[in-house]
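Student: sequence unknown, structure follows:
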């Protein structure tokens, strides 16, 4: 059942709105002021807030906009409709940018308000369904998902910069599912998976005879994604020589197949992802500045799992349900939860998922306790111990040590512990070999000698 909070200093208006939505089967609460409204919201969050903008309060700032901002900070998925008798286009634009779902002018027709409420709630529920695979309630994570939802409504290109394993592709797919292009193709290409010559063909396609081995004409990913969404995964791995050609497509939405002189026009949205710092790569001359700025129309960051520790238990339980053997329900014991919440998870959600998949596959009963983690050296073994030895006990870290510096040190000492064997370091850290290579490069660690072993 939908829950509504009506906020208006006009008693007659509150009474009328309460009656309207009660007749439609909603659960309704009301408040005459911002302070009372937020007190009720904190005790019992709701699906929708309908609030007047101008109301008396202890300060002039305690108005409907204040209610909206405070409510969204507490529960970012809440829908808000603002009512005002003093309408202006700039105010409406500002309200929508601040998070309002709609902005209606008094006197408002009840049919119009009811229609807006039903439409908005249907959209919010569709978004929640689309995001069901992206668990977590940490404020930083919810803000990132909210930004992704807002970006989905536009056609602008998006750059998602985040560490490996944080869910970049899942968020890209969420954006596509919430966008007007949802019924058209979502096409993904991993820019790190192909050498330069093959990547060009993969992106733009080729004609028969365009190069040795090209026995048939092939459509590229740009062509396949026409009217849909193209995901350029690990864009930081794209060779410099190919970047000008990509820039032309992004600017003109036009390209040539290899071996063809006819240009092909496409209508698509591009989402690029990277676990490298592209701005730093631009400064180092490893990535074109013009391409970076063209991709970075809407920047989107995702928090690493270490910045959302409150989500670890919820995610672990989700993966336990997902990977449980057929016909078996797995329960995670408190000591198991305590153990995983104490881990740094350098491989982020992917590492956590792999951990739960592993213990679920080996589970002999229905309860999974901390003993199931014994032997998981990448969770509780040498890398973790040596990290603590290098920087001290985590609970006594001095203020000001950045997360980036902690990660750099962790990668460095893990490579030292493995004698420079990157494959073994990747295994201990719970990340891919490519991620270790990227970290070595981005943190300026030695790229040869003892760190060069694979």
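Tutor: Structure received. The structure presented is a predicted model; accordingly, all values stated were derived computationally and were not measured.

Student: what about this structure, any weak spots by pLDDT?
Tutor: For the chain, applying pLDDT under 70 flags the ranges 56-61, 87-98, 123-133, 375-401, 417, 419, 446-454.

Student: Let's see that with 50 instead.
Tutor: 378, 380-396, 447-453 (pLDDT under 50).

Student: where exactly do the helices run in the stretch 201-350 of the chain?
Tutor: 221-224, 243-252, 278-283, 289-295, 312-323, 334-341, 348-362 (DSSP state H, counting those that start in this stretch).

Student: of the ones you listed, which approaches residue 172 most closely?
Tutor: With Cβ to Cβ, the closest approach to residue 172 among the helices of the stretch 201-350 of the chain belongs to helix 289-295: 13.0 Å. The way it works is simple: take the backbone N, C-alpha and C, and place the C-beta from them, glycine included.

Student: does the residue lying closest to residue 108 once chain neighbours are set aside belong to a helix or a strand, and which?
Tutor: For residue 108, ignoring the flanking residues on the chain, the nearest one in space by Cβ to Cβ, 6 or more residues apart in numbering is residue 83 at 6.2 Å. If you go by DSSP states H and E, residue 83 is part of strand 79-84.

Student: Partner strands of that strand, with direction?
Tutor: strand 48-52 (parallel), strand 102-105 (parallel) (DSSP bridges).

Student: Make TSV out of the ones you listed and add distance to residue 229 and mean neighbour count.
Tutor: Below are the strands paired with strand 79-84 laid out as TSV (distance: least, Cβ to Cβ, whole Å; neighbours: other Cβ atoms under 10 Å):
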stretch	distance to residue 229	mean neighbour count
strand 48-52	30	25
strand 102-105	27	18
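
Student: Quick check: which of those strands is nearest to residue 259?
Tutor: That would be strand 102-105 among the strands paired with strand 79-84, by Cβ to Cβ, at 51.7 Å.

Student: how far out from the middle of the chain is the closest one?
Tutor: In terms of Cα atoms, centre = their mean, to the nearest Å, the centre of strand 102-105 is found 29 Å from the chain centre.

Student: hey, where'd the strands end up in the stretch 101-250 of the chain?
Tutor: Ranges of strands in the stretch 101-250 of the chain, per DSSP state E, counting those that start in this stretch, are 102-105, 158-161, 186-190, 205-206, 218-219, 229-233.

Student: Number of residues surrounding residue 45?
Tutor: 15 (other Cβ atoms under 10 Å).

Student: check contacts around it.
Tutor: Each residue near residue 45 by Cβ atoms under 8 Å, 6 or more residues apart in numbering is listed here: 3, 71, 74-75, 78.

Student: Which ones among these lie within strands?
Tutor: Members of these lying in strands (criterion: DSSP state E): residue 3.

Student: Ranking by neighbours, what's the top pick from the contacts of residue 45?
Tutor: Of the contacts of residue 45, with other Cβ under 10 Å as the count, residue 71 tops at 24 neighbours.

Student: Verify the stated contact: that residue with residue 39.
Tutor: No: applying Cβ atoms under 8 Å as the test, residue 71 and residue 39 come out as separate, 11.6 Å apart.

Student: where's residue 37, which helix or strand?
Tutor: Since the elements are taken from DSSP H and E, residue 37 ends up inside helix 34-43.

Student: What's the end-to-end length of stretch 23-36?
Tutor: When the termini of stretch 23-36 are compared using Cα to Cα, to the nearest Å, they are 24 Å apart.

Student: Can you point out the buried residues in it?
Tutor: 26, 28-34 (16 or more other Cβ atoms under 10 Å).

Student: so how far is that stretch from its chain's centroid?
Tutor: 32 Å.

Student: Excluding its own residues, what touches it? List them.
Tutor: 1-9, 11, 14, 17-18, 21-22, 37, 39-40, 44, 46, 55-58, 62-64, 66-67, 70, 114.

Student: repeat for stretch 299-317
Tutor: By Cβ under 8 Å, 6+ apart, stretch 299-317 touches 135-138, 140-141, 144, 147-148, 151, 158-163, 165-168, 171, 332, 336-337, 340-341, 344-346, 348-349, 351-353, 355-356, 403.

Student: rerun at 7 Å
Tutor: 135-138, 140-141, 144, 147-148, 151, 158-163, 166-168, 171, 332, 337, 340-341, 344-345, 348-349, 352, 356 (Cβ atoms under 7 Å, 6 or more residues apart in numbering).

Student: And residue 155, how far from residue 253?
Tutor: 11 Å (Cβ to Cβ, to the nearest Å).

Student: Fine by me, we can end here.
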